[in-house]
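Enquirer: Predicted structure and sequence below. I'll ask about it afterward.
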Amino acid sequence: MNTRAPSGRTPLRFTVVTAAATALALAASSGNAADHNAGAHSAAPAPRSSAPAARPAETPSPFGSLTAAAGSAGLGDEYFPEAGNGGYDALHYDVTLTYREDRSITATSVMTARATQDLGSFSLDYRGPKVVGVRVNERPAAFSRKGQELVITPDRPLTDGRTFTVEVRYTGRPHPRTSSELGSYGWIPTKDGAVTLSQPDGTPTWLPVNDHPLDKATYTFRITVPEGLQALANGTPVEPPAQRGKTVTRVWQVTSPMASYLAMIAIGKFEVRRSQAGGIPVITAVDPAYAKHAAKLERDTVTATTWLTELLGHYPFPTAGGIIDDPQLHYALEAQERPVYAGFAPAMNFVVHEMAHQWFGNSVSLTRWPDIWLNEGFATYTEWLWREHRSKGKNTAQKIFNRYYRQPGTSVIFRPPPGKPGAREMFGYSVYIRGAMTVHALRQRIGDEAFFRVMRTWAELHRHGNARTEDLIALAERESGKQLDRLFKVWLYQKGKPKSW
């Protein structure tokens with residue numbers, strides 16, 4: 001059981017509330033502190049322009065040019081130094097996966113990538129079942145497994161700048177990752193199938209990838225399941241289900257670049273609903289155990305998507321949606337286009353949080369994991385804006401900020417500082433709550449007109465890309481004409497309760 005607080009892998013990766021979290025929630029409801037959710041703003045959205053469905057092949061690699069004959073095993077992220085790999089830029093993953101009644105899988109993943117150096121060998125992140133073969137550019141390649149790395153040596157070097165393909169065939173039973181901080185994640189068995197929730201590094205439990213948010217790619221999922229089960233994934237269903245004997249194959253296409261931890265498949269029995277939010281197709285699916293919540297999930301997802309589009313501007317993806325599945329993980333994850341609620345029916349604030357991540361975290365992704373507050377602080381603040389909107393101004397974001405601010409400096413909402421929480425606390429209370437308080441402090445400092453312009457411009461400027469805290473500071477200073485270094489230093493990096501900013 002996860003011992004964090006609720007709202008979208010929100011400690012907030014979390015929906016189990018500990019005694020301390022319950023006390024905070026009760027304090028907030030009595031006007032004394034700590035509510036994780038809040039209201040909305042009626043600012044008119046700025047006009048949006050359409051973006052290409054996928055990153056073009058000529059886009060420069062985010063990793064630059066490396067010179068070693070072997071691509072680096074890891075990108076040196078401060079929190080996950082072994083995550084990701086150097087020497088290439090992944091462009092697309094074509095995943096063909098068959099799920100059997102004995103819970104085993106047989107899968108083939110074909111990664112299309114571009115070399116960013118002359119490569120004698122390179123690695124993929126992979127912790128999944130047995131690899132039975134690897135091919136590079138359709139030729140057999142040597143491979144070995146070292147920890148989380150699948151090290152591949154093609155039969156001839158790959159030339160800097162050239163596009164190549166890597167086919168990995170594997171079979172067996174995937175297993176989840178577990179940790180005291182994050183609980184279970186990655187490939188999660190369910191009563192009638194499986195679901196994947198992979199933040200921050202769980203996707204390699206079932207799929208070989210370049211596992212860092214810097215290397216976003218598009219995906220195709222071809223999932224074959226026993227007759228009677230559904231197979232869902234990120235993106236758009238592009239073909240009618242194809243039945244062959246006692247199996248059914250469904251194909252899903254992800255046409256917008258996606259960070260690997262957001263890749264999601266869900267296999268099992270579901271009630272699937274389709275609707276629209278302002279012309280955006282909405283696909284929701286609910287496990288039979290939560291059938292009575294199917295209509296509400298559909299309705300709340302449409303409402304949240306419509307409202308957030310008005311607030312933040314153009315919705316960044318072709319589809320929206322959500323899934324409720326049965327594993328009692330008690331957290332939600334903002335899987336791209338289709339968040340997953342694991343073991344609970346979400347309240348409206350949860351849906352707002354996870355759908356806000358489609359802008360903050362999914363479209364505008366992290367450059368480095370220590371900046372996780374950019375995802376969670378903004379998504380949590382949209383909850384506050386939602387409360388403001390729904391209460392017609394009675395429960396304002398300012399009032400919510402004030403209730404939190406009355407908490408003592410020793411409270412978990414203030415420590416550690418959210419701008420550099422450490423790997424163990426990257427989904428802790430302060431990242432979400434003090435992160436949202438940072439956003440509100442910015443709003444106070446620069447005023448509503450500049451603030452909402454910053455929110456919309458941030459989402460547009462870095463759409464389908466990556467960004468850092470420094471990029472946000474620069475944008476806010478440019479849009480407001482004010483010097484903001486001290487505000488961000490105090491709220492993001494200074495220990496204890498901020499006193500003056």
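Expert: Everything's here; your move. Numbering: from 1, shown residues only.

Enquirer: Check whether Pro339 really touches Ile323, as I assumed.
Expert: Yes. If you go by C-beta atoms under 8 Å, Pro339 and Ile323 touch, sitting 7.3 Å apart. C-betas here are computed from N, CA, C, even on glycine.

Enquirer: Compare the two (neighbour count), which wins?
Expert: Counting neighbours by other C-beta atoms under 10 Å for Pro339 and for Ile323 shows that Pro339 has the greater number, 30 against 25.

Enquirer: From Ala304, how far off is that one?
Expert: Here the distance between Pro339 and Ala304 works out to 10 Å (C-beta to C-beta, to the nearest Å).

Enquirer: residues shared between the contacts of those two?
Expert: Val351, Met355 (C-beta atoms under 8 Å, 6 or more residues apart in numbering).

Enquirer: all helices in the protein, in order from the N-terminus.
Expert: Using DSSP state H, the helices found in the chain span residues 10-13, 19-29, 294-312, 348-356, 373-390, 397-405, 429-446, 448-461, 469-480, 485-488.

Enquirer: Considering those helices, which stretch scores lowest in mean pLDDT?
Expert: The minimum mean pLDDT among those belongs to helix 19-29 (a mean of 39).

Enquirer: could I have stretch 185-199 exported to CSV, CA atoms only?
Expert: Only the C-alpha atoms of stretch 185-199 are listed here, as CSV (Å, rounded to 0.1, in the frame of the first residue of the first chain):
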residue,chain,number,x,y,z
TYR,A,185,4.6,0.2,-10.9
GLY,A,186,5.5,-0.9,-14.4
TRP,A,187,3.7,-4.0,-15.6
ILE,A,188,0.8,-4.7,-13.1
PRO,A,189,-1.2,-7.9,-13.3
THR,A,190,-4.9,-7.4,-12.8
LYS,A,191,-7.7,-9.9,-12.1
ASP,A,192,-8.3,-10.5,-15.8
GLY,A,193,-5.2,-9.1,-17.5
ALA,A,194,-2.7,-6.4,-16.9
VAL,A,195,-2.2,-2.6,-16.9
THR,A,196,1.0,-0.6,-17.1
LEU,A,197,1.7,2.5,-14.9
SER,A,198,5.3,3.3,-15.3
GLN,A,199,6.4,6.6,-13.8
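
Enquirer: Which positions within that stretch qualify as buried?
Expert: Residues of stretch 185-199 classed as buried: 185-190, 192-199 (neighbour count, 16 or more other C-beta atoms under 10 Å).

Enquirer: which two from the residues you listed end up farthest apart in space?
Expert: Longest distance between any two of those is 23.7 Å, between Asp192 and Gln199; criterion C-beta to C-beta.

Enquirer: hang on, the earlier thing: filter the buried residues of stretch 185-199 down to the ones in strands?
Expert: Tyr185, Gly186, Trp187, Ile188, Pro189, Ala194, Val195, Thr196, Leu197 (DSSP state E).

Enquirer: Spatially nearest residue to the first one (excluding sequence neighbours)?
Expert: Going back to what we said before, that points to Tyr185. Leaving aside its sequence neighbours, Tyr185 sits nearest to Gly202 (C-beta to C-beta, 6 or more residues apart in numbering; 4.3 Å).

Enquirer: hey, which of the helices of the chain is tucked in deepest?
Expert: Of those, the one with the most neighbours on average (mean count of other C-beta atoms under 10 Å) is helix 10-13, at a mean of 30.

Enquirer: Tyr429 is in contact with Ile413, isn't it?
Expert: Yes. Counting by C-beta under 8 Å, Ile413 is a contact partner of Tyr429 at 5.1 Å.

Enquirer: Which residue, other than its chain neighbours, is closest to Ala295?
Expert: Spatial nearest neighbour of Ala295, chain neighbours left out: Arg273 (7.7 Å); criterion: C-beta to C-beta, 6+ apart.

Enquirer: contacting residues for the one you found?
Expert: By C-beta under 8 Å, 6+ apart, Arg273 lies in contact with Ile283, Thr284, Ala285, Val286, Ala294, Ala295, Glu298.

Enquirer: Next up, the contacts around the second one.
Expert: Neighbour list for Thr284: Val272, Arg273, Ser275, Ala294, Leu297, Glu298, Thr301, Gly321, Gly322, Ile323 [criterion: C-beta under 8 Å, 6+ apart].

Enquirer: Which strand residues bridge it?
Expert: Assessed by DSSP bridges, Thr284 has beta-bridge partners Arg273, Gly322.

Enquirer: For it, give me the pLDDT.
Expert: On pLDDT, Thr284 comes in at 98.
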